[in-house]
Every structure is written in C-alpha cells, then in structure tokens.
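> The following comprises the amino acid sequence and a computationally predicted model.
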Amino acid sequence: MTGIYVDDISESTSAHGVEIDGVLLKDSIVQTDDIHEKTSAHGVEIDGVTLKDNNVNCTDVIASGSLTTTGNVTVNGKFLLEGRSTLTIASGVITVTKSYHEISTEGGAGNDDLDTINGGSTGMICTFKSSASGQDTTFKDATGNIRLQGDRQLNHVQDTLTLIYDGSGWSELCFSDNTAG
C-alpha cells in the first residue's frame, strides 16, 4: 500500500503544523511546492477543489483577500459585482473599497462635484451610479485624478460611469446616460 490514509491529523504544537512529504498543513492551510496526482485520469482533490491538467475546477471560490492567477479566468455562469455600497463625497473626494458603488452627495446636496477617487489598485475597474434622485454628482474631467471625455454627470439613478485605475489616475471606460424620458 502506498500513500497516507487518516481520519485525523493533529499537530503537536500550533506553531509548527504537520509536514508530510513536503506538504505543510497548518492552521487550515495547505502549503506545497508540488502536488502529484495518482493517475492522470483523476487529478487531485482537496476539500472539493479538483486540480487536473493545469486546471482548477470547483463549484465556488471564496477569497477573503486577493485571488491572483497568471492564466485566463473563464466564467461559465454569471460574473457578479456583489456588495454594492454607498460612498458619500467629502470635499470632492471618495475612497473606493469595492468595484461597484453608489455615490451620495455631501450633506445630501442637490449637486456635488467629484474631483478625486482614492483607494484604487492598478487595473481595478469600478462602476458608479447615483444613490438617489435629486443628488446629481458631476465627475470632473482633468481635475484631481479623474480623466474623462469631459465632465460626466450622474443625474438619474440609472446613469452609470465605469472607470479603470492605472496606478495614478482613473480613466473612463464607459458612460451611460439613462435619464428617464
């Protein structure tokens, strides 16, 4: 018989973890340089994730931090920007925390200018929309770190503006003026 079959592995101290044949199991994390499958037909399965032929197959991927790949990402279902939150302009500035935000004017004013967007990561794409009717936000072109085809106003709750961050500023990808008619 080859391989290791166990129902439970316990480490002697929480500082060390358990190492088996170059694979470190510590604090619910598996760390290894190499994983070899038993036969090429099966792949390797760890906690519902199958690694086979340089592909990772799983039903759900949940990352509490960053998820990085050096290859392509293919989505066969829906691509969702979940967790939309509302950001309120303060002295012409907002700080993004997600990829989809509603924008609220400072103090609920009828109009407000947005000059600077903080919090971006290089390559980040962010979509903005107005949080409420009667709170019109104007994204100012060439003011602060925003570069657009001209000032863009979100004056209807269905208007959207999508930007990409290049490491120093935000550039327009798409603007949609969906004013009710």
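The structure has been received and is ready for your questions.
> How is this protein divided into domains?
1-71, 85-176 (automatic domain parsing).
> Helices of this protein, start to end?
With DSSP state H as the criterion, the chain has no helices.
> ok, back up a step: going by mean pLDDT, which of the domains of the chain comes out lowest?
Comparing mean pLDDT across these, the weakest is domain 1-71, with a mean of 57.
> what's the neighbour count on residue 142?
Each residue near residue 142 was counted by other Cβ atoms under 10 Å, and the total is 12. Heads up, the C-betas are built off the backbone N, CA and C, glycines and all.
> Contact partners for it?
residue 148 (Cβ atoms under 8 Å, 6 or more residues apart in numbering).
> now it: how far from residue 172?
Distance, residue 142 to residue 172, using Cβ to Cβ, to the nearest Å: 11 Å.
> Roughly how far does the nearest residue to residue 139 once chain neighbours are set aside sit from residue 127?
Excluding the flanking residues, the one nearest residue 139 by Cβ to Cβ, 6 or more residues apart in numbering is residue 152, at 4.5 Å. In this structure, residue 152 and residue 127 are 13 Å apart, going by Cβ to Cβ.
> again, but for residue 76
22 Å.
> neighbour count winner among those two?
Neighbour comparison, residue 76 and residue 127: the larger count goes to residue 127, with 18 against 4 (by other Cβ under 10 Å).
> I'd guessed the more buried one sits against residue 154; true?
No. The criterion here is Cβ atoms under 8 Å, and residue 127 misses it with residue 154 at 11.0 Å.
> where do the contact lists of these two overlap?
What both residue 127 and residue 154 touch, as defined by Cβ under 8 Å, 6+ apart, is the set 160, 161.
> one step back: pretty sure the residue nearest to residue 139 is touching residue 173, no?
No. Between residue 152 and residue 173 there is no contact under Cβ under 8 Å: 11.7 Å.
> For the two, indicate the residue with more neighbours.
Just comparing residue 152 and residue 173: by other Cβ under 10 Å the higher neighbour count belongs to residue 152, 22 against 12.
> Understood, closing this out.
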